[in-house]
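Chemist: Provided below for reference: sequence and predicted model.
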Amino acid sequence: MTTEQKVTRKLRAILSADVKGYSLLMTNDEAFTIQTLKEYRKIMSEIIKQRSGRVVDAPGDNLLAEFSSAVNAVQCSVEIQSALKTRNDELPDDKRLEFRIGVNIGDVVQDGDSLYGEGVNIAARIEGLADPGGVCISRGTYDHIRNKLDFGYEYLGDHSVKNIKHPVRVYKILMAQEDAGKLIGEEPKPLLKSLAWTTIIVASIMLIAYLFFQKPVDPEFETASIAKMAFSLPEKPSIAVLPFDNMSGDKEQEYFSDGITEDIITSLSKSDQLFVVARNSTFTYKGKPVKVKQVAEELGVRYVLEGSVRKTEDRVRITAQLIDAVAGNHLWAERYDRELKDIFALQDEITLKIVTELQVKLTGRERARMLPKRYKNLDVKLKAMEIMPIWRKGTAASRIQFGQVAQELIDMAPESEIGYTSLGWYYWSLALSGKSPKESIEKGFKLAQKALSLDESSPSAYGLLSNLYGLTRQYDKAIAAGERGVAFNPNGAHNHCALGIVLSFAGKFDKAIVHFKQAIRLNPFPEYYYFTHLGRCYMHKGQYEEALTATKKAIHVLPDSLYNNMLLAAIYALLDRQEEASAAVKKVLEINPNFSIAIVLKAWAYKNKADLKLFADAMHKAGLPD
């Protein structure tokens, strides 16, 4: 073993914490949630330090800490929950950040300042079983502290937790003073030798019969409540596909597990017999030990698919399980171990299995539309999986890299539409940023048309075409292309949003609102511009309160957006709330001191002059400079 390959192993007590319903809190009030999270992290870090612990990592709403003593870790957990409860009691229910904490003692691997291994993973899984404001611990932790700390404990049984081979025995800490010394729900004792064999046989027969006639309820989660769902359940089968875990032990392979997930979502989305939540919303749960119940209730779906991917040099192992969150049943679970070259057929197999379990019957044409066209070889498939993570970085450097990879795809697979569509989006982004707009738009049109000549059902190519027509103010053609994109991808949130945008600039505000609402339903945690354009539509319809509500949501998602604050100023002016309009104007000028209404009028592609004038007059009334 080389020096670089050596790892440091040690026994540590691990504290893992996260916030209940964090994604929903961010959607409702991002600025407040971020500020409160910063304050709570400071409190937690100080208590951890006082108890001789070390904060290892704190991504998003998660916090991971290590201790050399299980006693210190558990004492620290209880003190954190006590301190945060005091702070939460001062806040309204919908503003409270309630952490769940899990503690495990186990073997971990140290790499620099980071920790890895089953000891960390078990702590994270136990955390997901804790109540908001509560603490759960593993059996090993319990054995270390039960005679040393004056708490009560409730035995919660053995839990089969995700990606851990053996069930984990879990205890809940009872923190109330009157519970000190209690042990509720003692562990089941071993069967007595004197137990009659006939009793064992009868019990075994009953168990076999039960397992044969009824699908088991997953012990890892409570069933989701339809009444508590953030959205009404659709009439058709509704599903959220969670990001598949990357089990390869190499972060560089993250694109592959994400790509598998996205391909399954894309395939399912093409069926108008299903309701499929967008990738952007399901990926907000990436890397978090969330419960299926939480996912179903926050996204308003009945079914949840989760799984994992392990890719080696020439093989791939995929596990997947489909869960009915309302009934608590595993509808289907499978593990696939195949050669990497068989990945195309394997993805199709998983997609069709899901469709079958959801009792959706496909015609031959629908089946062909759902299953992606084959790439010429595996290298093209792997390259295609790399490109979308580059696009999502959203930087000037990543845009250049995106264009380069798109050209590589064209060179590798000139018979496939994906390279042409991707390069077309690259030129669209150049045009939007003002870089050789006329030339960039012309190139974008040629690439979109080439892509559609290779695949006439590509939703992405139609979306590109619609956006390009919108830039050139060819409204009827933009709407027609947008409608084709939605027809080929009825669950495509971005397709609905893109169509809504071109409809709104064409003055068709009622139709636009329908598509924006559907886009937000499909993508409950959307990008800011979903709400921005919805608010703009309500403004033009004279529904100023609705416009204000939507625009505030856009600002919660992206507080420093020039367009969000510009629109907010205009709406406040139309509501005759001049003081608030002036505050929004001040924010606009902080973001861009050179802002002028004239620049906006030139850039925003309204078809009707009356619509443009209404917006311009409202901005002028708010106090924005000409």
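Modeler: Yep, that arrived. Numbers count the residues shown, from 1 in each chain.
Chemist: list the contacts of the helix or strand containing residue 390.
Modeler: Per DSSP states H and E: residue 390 is located in helix 378-393. Identification of contacts with helix 378-393 by Cβ atoms under 8 Å, 6 or more residues apart in numbering yields 254-256, 258-259, 262, 340-341, 343-344, 375, 398, 401-402, 405-406, 408-409, 412-413, 416, 418, 422, 425. C-beta: built from backbone N, CA, C; applies to glycine.
Chemist: inside helices: which ones of the residues you listed?
Modeler: Within these, residues falling in helices by DSSP state H are 254-256, 258-259, 262, 343-344, 398, 401-402, 405-406, 408-409, 412, 418, 422, 425.
Chemist: select only the buried ones of those in ChimeraX?
Modeler: The buried residues among those can be selected in ChimeraX (16 or more other Cβ atoms under 10 Å) with this line:
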select :254,255,256,258,259,262,343,344,401,402,405,406,408,409,412,418,422,425
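Chemist: quick one: contacts for residue 50?
Modeler: Residue 50 touches residue 76, counting by Cβ under 8 Å, 6+ apart.
Chemist: tell me how far it lies from residue 457.
Modeler: 61 Å (Cβ to Cβ, to the nearest Å).
Chemist: which residues of the stretch 1-150 of the chain score low on pLDDT?
Modeler: Filtered on pLDDT under 70, the stretch 1-150 of the chain yields the residue ranges 1-7, 23, 27.
Chemist: if we go to 80?
Modeler: 1-9, 21-24, 26-28, 59-60, 111-113 (pLDDT under 80).
Chemist: can you list the residue ranges for helices in it?
Modeler: 22-28, 30-50, 70-88, 118-127, 139-145 (DSSP state H, counting those that start in this stretch).
Chemist: domain parsing for this protein?
Modeler: 7-184, 226-369, 529-626 (automatic domain parsing).
Chemist: save the ones you listed as TSV, and put in distance to residue 386 too.
Modeler: Shown next, in TSV, are the domains of the chain (distance: least, Cβ to Cβ, whole Å):
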stretch	distance to residue 386
domain 7-184	23
domain 226-369	5
domain 529-626	25
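Chemist: next SSE downstream of the helix or strand of the chain with the lowest mean pLDDT?
Modeler: When the helices and strands of the chain are scored by mean pLDDT, DSSP states H and E, helix 197-213 comes last with a mean of 44. Next in sequence after helix 197-213, counting helices and strands by DSSP H and E, comes strand 238-241.
Chemist: who's in contact with the closest residue to residue 78 other than its chain neighbours?
Modeler: Spatially, and ignoring its direct neighbours in sequence, residue 78 is nearest to residue 175 (5.5 Å; Cβ to Cβ, 6 or more residues apart in numbering). Taking Cβ under 8 Å, 6+ apart, we find residue 175 in contact with 78, 81, 82, 134, 135, 151, 152.
Chemist: just the buried residues of those residues.
Modeler: 78, 81, 134, 135, 151, 152.
Chemist: got the phi and psi for the last one?
Modeler: As for residue 152, its main-chain torsions (degrees, to the nearest 10) stand at phi -100, psi 160.
Chemist: what about the residue lying closest to residue 341 once chain neighbours are set aside, neighbour count?
Modeler: In space, residue 341 comes closest to residue 378 once its chain neighbours are excluded; the distance is 5.5 Å by Cβ to Cβ, 6+ apart. Residues near residue 378, counting by other Cβ atoms under 10 Å, number 15.
Chemist: please apply the same query to residue 347.
Modeler: 19.
Chemist: that one and residue 385, how far apart?
Modeler: For residue 347, the distance to residue 385 - Cβ to Cβ - is 11 Å.
Chemist: residue 378 too?
Modeler: Taken as Cβ to Cβ, the span from residue 378 to residue 385 is 11 Å.
Chemist: which non-adjacent residue is nearest residue 462?
Modeler: Per Cβ to Cβ, 6+ apart, closest to residue 462 is residue 485, 3.5 Å.
Chemist: quick one: closest of the domains of the chain to residue 433.
Modeler: Nearest to residue 433, of all the domains of the chain, is domain 529-626, at 11.3 Å by Cβ to Cβ.
Chemist: start and end of that closest one, how far apart?
Modeler: In domain 529-626, first residue to last residue: 24 Å (Cα to Cα, to the nearest Å).
Chemist: what is the neighbour count of the closest residue in space to residue 581 that isn't next to it in sequence?
Modeler: In space, and not counting its chain neighbours, residue 581 is closest to residue 572: 3.6 Å by Cβ to Cβ, 6+ apart. Residues lying near residue 572 (other Cβ under 10 Å) number 24.
Chemist: again with the one 10 residues further on
Modeler: A count of nearby residues for residue 582, using other Cβ under 10 Å, gives 15.
Chemist: would you enumerate the residues in contact with it?
Modeler: Per Cβ under 8 Å, 6+ apart, neighbours of residue 582: 622, 623.
Chemist: distance from the chain centre to the helix or strand where it lies, please.
Modeler: Residue 582 is part of helix 578-591, with elements assigned from DSSP H and E. Offset of helix 578-591 from its chain centre (Cα atoms, centre = their mean, to the nearest Å): 32 Å.
Chemist: same check, this time on stretch 536-553
Modeler: For stretch 536-553, the distance to the chain centre is 26 Å (Cα atoms, centre = their mean).
Chemist: in it, what's buried?
Modeler: 536-540, 543-544, 546-548, 550-551, 553.
Chemist: what does it contact?
Modeler: By Cβ under 8 Å, 6+ apart, stretch 536-553 touches 27, 500, 504, 507, 509-510, 512-513, 516, 531-532, 534-535, 564, 567-568, 570-572, 574-575, 611, 614-615, 618.
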